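Participant: Any chance you can model this:
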Amino acid sequence: MKTHFILYFFIGSVAIVKAQNLKTITGTITAEDDLENIHIINKSSKRFTVSNAKGAYSIEAKLNDTIVFSSLQYKTKEVVINAPILINNTLNISLLEAINTLEEVVVGTILTGNLMLDIGSSKAKRNINFYDVGIPGYNGKRKTKAERDLSGAGGEFKPIMLLGLLGGSLPVDPIINGITGRTKKLKKRIALERNNQLRYDIRQRLSEDFFSEHPLSELKQMDFWYFCSDDPNFEARCKDKRDIEILSYLNEKYIQYNKNLKSE
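Facilitator: Model prediction:
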């Protein structure tokens, strides 16, 4: 009996030690709509990843780690890693759509959900627009002030315009603005605006998840974002890219940023 007890104790000890080691957990997320770029965060070890287009993912974890599944369109879900999950190396979950609901309040006319019926029963008066008076209008994306200034400056100056000027068939503004450098300044301002907007969008979307894995003081975090956006490859690496590609770029810049801090 004593020998059996020692043997069981030894086997149990080995199992406990193994449970403390990180293991790769794989799984699939199921949900109503888009399954790509759902954030999977190991709160205990500060590791994170994202799901692919089919909802598949993999992340390292150990016993009792807390895994968080987070996305704007779905309710956040937390799962604590237990022994069965570790043994099978598998964690499949389903997410519920995040719907913001308000208490039902009926004021005046009840809306049916049918757009045409609701417009007909509504007492609201719409504003007169350019179509009502027969004036052509613009429905595209509104230009920034710098873009409007560049358009008003006559666009980009080209040397061939000088030939047109001599013949009296082209406007003078593009040539004057090109020679004085105003067109070049406006182009730089537009590029800066786009760079700032891209940096802002990425920071709003990925900052929390990124810094949970890559710690920086609050004072350094904004400096890090400027460090990333000052890179000549910033737009090429981040504009219209998937979150996982942007995170890969941020990882590279984080390593470089810390090296710079140490050298200082």
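
Participant: can we go C-alpha only for contacts and neighbour counts from here?
Facilitator: Noted.

Participant: hey, where'd the helices end up in this protein?
Facilitator: Counting by DSSP state H, the chain has helices at residues 2-19, 83-88, 115-121, 145-152, 161-167, 173-180, 182-213, 218-229, 234-238, 243-263.

Participant: Let's test this: mean pLDDT of the fourth one, rounded?
Facilitator: Averaged across helix 145-152, pLDDT comes to 57.

Participant: and the residue nearest to residue 80 when sequence neighbours are not counted, what does it touch?
Facilitator: Nearest-residue entry for residue 80: residue 66, 4.5 Å, with adjacent residues in sequence omitted and distances by Cα to Cα, 6 or more residues apart in numbering. Taking Cα atoms under 8 Å, 6 or more residues apart in numbering, we find residue 66 in contact with 42, 43, 44, 78, 79, 80, 81.

Participant: does residue 46 really touch residue 212, like I thought?
Facilitator: Yes: counting by Cα atoms under 8 Å, residue 46 touches residue 212, with 6.1 Å between them.

Participant: Buried ones in stretch 236-247, by neighbour count?
Facilitator: 237, 238, 243, 244, 246, 247 (16 or more other Cα atoms under 10 Å).

Participant: Make a markdown table out of those residues and add distance to residue 204 and pLDDT.
Facilitator: Listed next are the buried residues of stretch 236-247 as a markdown table, based on distance: Cα to Cα, whole Å; pLDDT from 0 to 100:
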| residue | distance to residue 204 | pLDDT |
| --- | --- | --- |
| 237 | 17 | 93 |
| 238 | 14 | 94 |
| 243 | 12 | 91 |
| 244 | 15 | 91 |
| 246 | 13 | 93 |
| 247 | 13 | 93 |
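
Participant: Just give me the closest of the residues you listed to residue 71.
Facilitator: Taking Cα to Cα as the measure, residue 71 lies nearest residue 243 of those, at 12.2 Å.

Participant: From residue 21, how far off is that closest one?
Facilitator: Residue 243 sits 29 Å away from residue 21, going by Cα to Cα, to the nearest Å.

Participant: what's the pLDDT at the residue nearest to residue 80?
Facilitator: Residue 66 carries a pLDDT value of 93.

Participant: ok, now residue 187?
Facilitator: Looking at residue 187, its pLDDT is 71.

Participant: Near it, how many other residues are there?
Facilitator: 17 (other Cα atoms under 10 Å).

Participant: same question, residue 188
Facilitator: Neighbour tally, residue 188, other Cα under 10 Å: 12.

Participant: and it, what does it touch?
Facilitator: Applying Cα under 8 Å, 6+ apart to residue 188 gives no contacts.
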